[in-house]
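K.L.:
When you get a sec, could you give me coordinates for this:
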Amino acid sequence: MKELSNKGEDVLYIRLVPARLGKLGIIKVYFSGKIPSDDFIRTLPGIRRSSEFNIWHIPFNRFDSRRFFSSLPPKSVISGIKSLAPIRNNRATKNKDKLKPAALPEGYLEMLERKRYSPNTIKTYKSYMGDFVNYFIGQDLSTITKAQINNYLLELIRNKAISKSQQNQRINAIKFYYEKILGYNKEFYQIDRPKRSRTLPVILSEEEVYTILRSLKNIKHKAIIGTIYSGGLRRSELIGLRKQDVLYDRKMILIRGAKGKKDRTTILSMSLSMVLKRYLSEHKPNYWLFEGINRKQYSATSIAKILKNAAKLAGIERRITPHMLRHSCATHLLEQGIDIRFIQTILGHESSKTTEIYTHVSQKALANIKSPLDVIIDKKRGKDFPKL
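P.N.:
Next comes the predicted model:
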């Protein structure tokens, strides 16, 4: 597309003006000269029409300059902004043009809280529902069709390459509004969901686990990584542990309100017990087993950083994540010959109907399972945890 300097009746003139529509940051789009039909304008990426204010506009977060300009007729002249970069990087206009979060539908946040969704889920739903509201700005959400929503998701897949997991989360956020807030039947609102990819979990070898633990010189960091692996914990479960949740006499760790809002117990390594006791003696946490700044819950990001640095010191070049420790725990237990029904209970996995009966394992049976961490320690240096 060329920008023409001469004016003429066969030239389309477009002016882009930053503005606000209620709480939403937008770009007003003005047409003059050889004005195209409304049907053509509606094909321009991201553009919407506000019947209330009689304007064409594009939400800031949906303005793709390359796609927008390439969709215009050859003889088009653009004035005003050419991209959002100058607006977002200009300190003088930073506060003025800073986008505010989209206004959620009335009662949406309150219902999430009443349903006692986790803080992480609420944060995710708020973000994705806000995107949905912005996309259909000016429209009555109760009148939006299934086809429109599928097109919205398809646009996200094509333009933002969202993952299958994120697509499912966005669907859930939208479904929550229509089913829980508007009270529509589940059959009324259907969206084609992606099939889950069946990939094998990436695990660490026993040698790699031992090397990582040995590389950690900070007692707190050693206790954190050891606890995740020993009990097969999720990061969120580790962060939510309280001091009294470690049951030393029963060789168990109590996990409260885990995934699915269920309590469960998992095994406590004898070797880890000694490390935890030393850690508690030195750091004296107040309430949470592992506390961060100002004695608040420990950061999930910090856990990832600890493991990343430890893996680097251990000479492991591939990317290592905390969840790989959980996968490794389960795999190493299987390799010990532990029955799958015990492992399902230890990890808190949801069981299928065919395996549901095997998940009801007694607390006494769990106490007799040897942690894979203890197996590694026994092989390496008796009962000693990797020394500081």
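K.L.:
what residues are up against K243?
P.N.:
Contact partners of K243, counting by Cβ atoms under 8 Å, 6 or more residues apart in numbering, are 280, 285, 287-289. To be clear about C-beta, it is placed using only N, CA and C from the backbone, and glycine gets the same treatment.
K.L.:
Same check on Y177?
P.N.:
105, 108, 129, 132, 141.
K.L.:
So what does the residue nearest the centre of the chain have for phi and psi?
P.N.:
In the chain, the centroid-proximal residue (Cα atoms, centre = their mean) is T124; its distance is 6.8 Å. In terms of degrees, to the nearest 10, the main-chain angles of T124 are phi -70, psi -50.
K.L.:
any idea of the pLDDT on it?
P.N.:
At T124, the predicted lDDT confidence score is 93.
K.L.:
any chance you could map the strands in the protein?
P.N.:
Listed in chain order, the strands of the chain (DSSP state E) span 12-21, 24-33, 48-50, 55-59, 76-80, 246-247, 252-258, 262-267.
K.L.:
Pull out the buried positions in the third one.
P.N.:
Buried residues in strand 48-50, defined by neighbour count with 16 or more other Cβ atoms under 10 Å: 48, 50.
K.L.:
So what are the sheet partners of that strand and their directions?
P.N.:
Note on strand 48-50: by DSSP bridges, its sheet partners are strand 55-59 (antiparallel).
K.L.:
likewise the first one?
P.N.:
Strands flanking strand 12-21 in the sheet, each with its direction: strand 24-33 (antiparallel), strand 76-80 (parallel) (DSSP bridges).
K.L.:
Quick check: which of the ones you listed is buried the most?
P.N.:
Counting by mean count of other Cβ atoms under 10 Å, strand 24-33 has the highest mean neighbour count of these, with a mean of 18.
K.L.:
So for it, mean pLDDT?
P.N.:
82.
K.L.:
for stretch 340-347, same thing?
P.N.:
Here the average pLDDT along stretch 340-347 is 78.
K.L.:
for that stretch, the distance to its chain's centre please.
P.N.:
26 Å (Cα atoms, centre = their mean, to the nearest Å).
K.L.:
Likewise for stretch 38-47?
P.N.:
On Cα atoms, centre = their mean, the centre of stretch 38-47 falls 32 Å from that of its chain.
K.L.:
Flag the shaky bits of the stretch 151-300 of the chain, pLDDT-wise.
P.N.:
Judged by pLDDT under 70, the stretch 151-300 of the chain has its weakly predicted residues at 187-200, 258-261.
K.L.:
For it, which segments count as helices?
P.N.:
164-176, 206-215, 219-231, 235-239, 270-283, 300-313 (DSSP state H, counting those that start in this stretch).
K.L.:
Would you mind finding the most buried of these?
P.N.:
Comparing the helices of the stretch 151-300 of the chain by mean count of other Cβ under 10 Å gives helix 219-231 as most buried, with a mean of 24.
K.L.:
which strands and helices sit next to it?
P.N.:
If contacts are counted by 3 or more Cβ pairs under 8 Å, 6 or more residues apart in numbering; DSSP states H and E, helix 219-231 sits against helix 206-215, helix 235-239, strand 252-258, strand 262-267, helix 270-283, helix 300-313, helix 322-336, helix 372-381.
K.L.:
still on that earlier bit, of all the strands of the chain, which lies closest to I157?
P.N.:
strand 55-59 (18.7 Å; Cβ to Cβ).
K.L.:
gap between the closest one and the chain center?
P.N.:
With Cα atoms, centre = their mean, you get 30 Å for strand 55-59.
K.L.:
Pull out the buried positions in that strand.
P.N.:
Residues of strand 55-59 classed as buried: 55-59 (neighbour count, 16+ other Cβ under 10 Å).
K.L.:
wait, which of the residues you listed is closest to G25?
P.N.:
P59 (7.1 Å).
K.L.:
That closest one and F132 touch, don't they?
P.N.:
No: with contacts counted by Cβ atoms under 8 Å, P59 stays clear of F132, the gap being 11.7 Å.
K.L.:
Can you give me every residue that contacts I14?
P.N.:
Per Cβ under 8 Å, 6+ apart, neighbours of I14: 29-31, 72, 76-79.
K.L.:
Including distance to L112 and pLDDT, could the buried residues of strand 55-59 go into TSV?
P.N.:
TSV is the format used below for the buried residues of strand 55-59 (distance: Cβ to Cβ, whole Å; pLDDT from 0 to 100):
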residue	distance to L112	pLDDT
I55	33	83
W56	34	88
H57	29	88
I58	29	89
P59	24	86
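K.L.:
what's the span of stretch 231-241, first residue to last?
P.N.:
12 Å (Cα to Cα, to the nearest Å).
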